[in-house]
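Visitor: Pasting a predicted model and its sequence here:
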Amino acid sequence: MKIIACYSNKGGVGKTATSVNLAYFYAKAGYTVLLCDLDPQGASGFYLRVKPSKKLTDARFFEDVERFTKSIRASDFEGLDVLPANMTFRDFDVFLSRMRNRRSRLKKALVAAGSDYDVIILDCPPNFSTLSENIFKAADQIVVPVIPTTLSERTFDQLVSFFDAKKLPKKKLKAFFSMVQRRKTLHQDTMDVMKKLYRKRFLNSSIPFAADIERMGQNRAPVSVYAPRSAASSAYQDLYNEIESGVVSNT
């Protein structure tokens, strides 16, 4: 089982769209996939037409394997299941602070409840917290969408600095540029600078700023389902291919 986290300490960079589309491509390739939404807004479940369980509350996510597994829902796509989030997930840090071995609780929960899956993809909330440290510890790969702007560059710098300070393995970080508008000089200049500065951290793939991605909320499906020939669909396919190659090579 592989655990892939889609994480950024900045909101609005395309984490959920990336999580949903990657999960779809993994399932399409024949893997059994669990998309686990850790963000209390629950956007991943919304995109895939899955309603959250009202019973997976409090610390049960981390302690009650039976309740965890009963809260998993099938999506409309073969091989792709979803653990949708509910608003109680906003208190995860409170629950974790009361637990022993709190920085490894997430991985224990995922391993115990997700043993039937080849791949678990985590859609993560945008913050530094006890939960995010659990995510960093649990994940085999941490996929980081970065909009090529000054603020996103700054937040990625903060993420790398956090990994340095906590002595976490930076080889887990796999960043890529998201919402790219290549006609913008700022975007092109920022990408050039960051690729030079973080040469080993950035993937070659990038995701364009595209109306087809924004339409996920209307269609409530991965991009390739309703716009299979679009540039966005091809970009997510390329991202999947590159991440999958990297994950396999590390096993």
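Guide: Done, it's in.
Visitor: contacting residues around Gln90?
Guide: Let me fix one detail, which is that residue 90 is Arg and not Gln. Contact analysis of Arg90 by C-beta atoms under 8 Å, 6 or more residues apart in numbering lists Pro40. Placement of C-beta: from N, CA and C, glycine included.
Visitor: Specify the local secondary structure of it.
Guide: At Arg90 the chain is in helix, as set by DSSP: H, G, I helix; E, B strand; the rest coil.
Visitor: Please apply the same query to Lys174.
Guide: Quick answer, by three-state DSSP: Lys174 is strand.
Visitor: which residues does it form a beta bridge with?
Guide: Val143 (DSSP bridges).
Visitor: number of nearby residues for Ser234?
Guide: As a burial measure, Ser234 scores 14 neighbours (other C-beta atoms under 10 Å).
Visitor: If you could redo that for Pro169, that was the one I meant.
Guide: Neighbours around Pro169, by other C-beta under 10 Å: 10.
Visitor: Could I get the contacting residues of it?
Guide: By C-beta under 8 Å, 6+ apart, Pro169 lies in contact with Phe163.
Visitor: Pull the residues that contact stretch 107-120.
Guide: Residues outside stretch 107-120 that contact it (C-beta under 8 Å, 6+ apart) are 1-4, 23, 26, 31-36, 61-63, 65, 68-69, 72, 81, 101, 134, 137-138.
Visitor: Buried ones among those residues?
Guide: 2-4, 23, 26, 31-36, 61-62, 65, 68, 72, 81, 134, 137-138 (16 or more other C-beta atoms under 10 Å).
Visitor: Just the ones of those residues in strands?
Guide: The strands, defined by DSSP state E, take in Lys2, Ile3, Ile4, Val33, Leu34, Leu35, Cys36, Asp81 from the buried ones among the contacts of stretch 107-120.
Visitor: in the sheet, who's paired with the last one?
Guide: The one in question is Asp81. With DSSP bridges applied, Asp81 shows beta-bridge pairing to Leu34, Ala74.
Visitor: For it, give its distance to Ile72.
Guide: 5 Å (C-beta to C-beta, to the nearest Å).
Visitor: Need the overlap of contacts for those two.
Guide: Residues touching both Asp81 and Ile72 by C-beta under 8 Å, 6+ apart: Leu34.
Visitor: show me where the stretch 101-250 of the chain has helices.
Guide: 105-113, 130-138, 150-166, 185-197, 211-214, 216-219, 223-226, 231-249 (DSSP state H, counting those that start in this stretch).
Visitor: CSV for these, including mean pLDDT?
Guide: As requested, these are exported to CSV (pLDDT from 0 to 100):
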stretch, mean pLDDT
helix 105-113, 90
helix 130-138, 94
helix 150-166, 95
helix 185-197, 95
helix 211-214, 97
helix 216-219, 96
helix 223-226, 98
helix 231-249, 85
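Visitor: Mind checking those for the one nearest to Met87?
Guide: Nearest to Met87 among those is helix 130-138 (14.9 Å), distances taken as C-beta to C-beta.
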